[in-house]
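**Q** Only the shape, not the letters, is given here:
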């Protein structure tokens, strides 16, 4: 009987060949993303996932929106599951063996980085050579003697029109601020016709570049390493029909409209914000040049844009109202921002003024007029 049993075992082994266990592949979490996060980072070395959530997020009820695992792996959580992350949570990832991962969450810091100068309280007047002058045509949105990236963050296109026209981006009087600061000032942005071209009322996060005849450059942006979720602010708006169209720039506009199609069309305000990094790795701002041969558009489709949001309106808004610009990100939350990332932000009373298309009141009326105040970032 023993001989028969031994023969059966030998026969079985001979039939199936040599028995080998499948080699183990370590169970890893490549990506774990949840609703309301600002960033998520998986670390295979420590088998941890750290998640940063928006301030309003409920840590006790966090829904999984994306889960990517390593080869052959399964996990005891799935997309759509709701997790309690008020304390670190264990996740079991299984291949041949089981591996324990720890998922922890925290809320983003509310002071991630405020938007400097977003209250538009500090202004001083100067001539076109930056010499302080109480009667100067150039209003600058920073205090006299302001230092770059200390108390000087914003600029306007006033220098570009000052030779022919008084600055069209100016402060209001004290006491004309928005409901969040009624005793303060706001920025007043009016589009005008400066002899040969429309000049949109504007203010932007950056600085004026240089004049090139009747053309100019502006440098949008400051170095930035946080991920704002939205921009909020207050505005009033009094649009005028488009009455100034520069024929030399019509063909450059992506809308493809003719001169006649633009004339009389509704003007609109534009607030846009983006995170941008020069694709070549240089630490430089996003530069707009109105010289036709080197024109650069600022839009969500521009090379190097990492995130973008905008607010556009052609509707009259005679009383203060709030607006919001929601940011859309084009890079994963787990991917760090490039070291040369810039935050750029532009506010203008005439959306197409970079193509010299605007409602300017050139025949004696008012130009499109926008008031903006108390801009702030939310994380």
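**A** Yes, it's here. If you're wondering where the values come from, they're calculated on a predicted model, not measured in any experiment. Numbering: from 1, shown residues only.

**Q** measure residue 355 to residue 253 for me?
**A** 5 Å (Cβ to Cβ, to the nearest Å). C-beta coordinates here come from the backbone N, C-alpha and C atoms, glycine included.

**Q** Neighbour count: these two, which is higher?
**A** Taking other Cβ atoms under 10 Å, residue 355 and residue 253 do not tie; residue 355 has more neighbours (25 against 16).

**Q** So what's the predicted local confidence for that one?
**A** pLDDT, residue 355: 84.

**Q** Would you list the phi and psi of it?
**A** Dihedral angles of residue 355 (phi, psi; degrees, to the nearest 10) stand at phi -100, psi 10.

**Q** I'd like the distance between the nearest residue to it once chain neighbours are set aside and residue 87.
**A** Of all residues not flanking residue 355 in the chain, residue 249 sits nearest, at 4.5 Å (Cβ to Cβ, 6 or more residues apart in numbering). Counting by Cβ to Cβ, the separation of residue 249 from residue 87 is 59 Å.

**Q** More neighbours: those two, which one.
**A** Neighbour tally, residue 249 and residue 87, criterion other Cβ under 10 Å: the higher count belongs to residue 249, 18 against 9.

**Q** Next one: the more buried one, what pLDDT does it get?
**A** 76.

**Q** May I ask which helix or strand encompasses it?
**A** Element membership for residue 249 (DSSP states H and E) is helix 247-250.

**Q** helices and strands around that helix, which ones?
**A** Under the contact definition 3 or more Cβ pairs under 8 Å, 6 or more residues apart in numbering; DSSP states H and E, helix 247-250 sits against helix 259-262.

**Q** for the protein, what spans make up the helices?
**A** For the chain, applying DSSP state H gives helices covering 2-16, 158-161, 247-250, 259-262.

**Q** mean pLDDT lowest for which of those?
**A** Ranked on mean pLDDT, the bottom entry among the helices of the chain is helix 2-16, at a mean of 43.

**Q** State the number of residues packed around residue 285.
**A** By other Cβ under 10 Å, the residues close to residue 285 number 20.

**Q** That one contacts residue 342, doesn't it?
**A** Yes. Assessed by Cβ atoms under 8 Å, residue 285 is found in contact with residue 342 at 5.6 Å.

**Q** Identify the contacts common to those two.
**A** Listed as contacting both residue 285 and residue 342 by Cβ atoms under 8 Å, 6 or more residues apart in numbering are 220-222.

**Q** Which residue lies nearest the spatial centre of this protein?
**A** residue 274 (2.9 Å; Cα atoms, centre = their mean).

**Q** distance of it from residue 206?
**A** Applying Cβ to Cβ, the value for residue 274 to residue 206 is 12 Å.

**Q** Need the residues touching each of these two.
**A** Residues touching both residue 274 and residue 206 (Cβ under 8 Å, 6+ apart) are 286, 344.

**Q** give me the beta-bridge partners of residue 311?
**A** For residue 311, the beta-bridge partners under DSSP bridges are residue 271.
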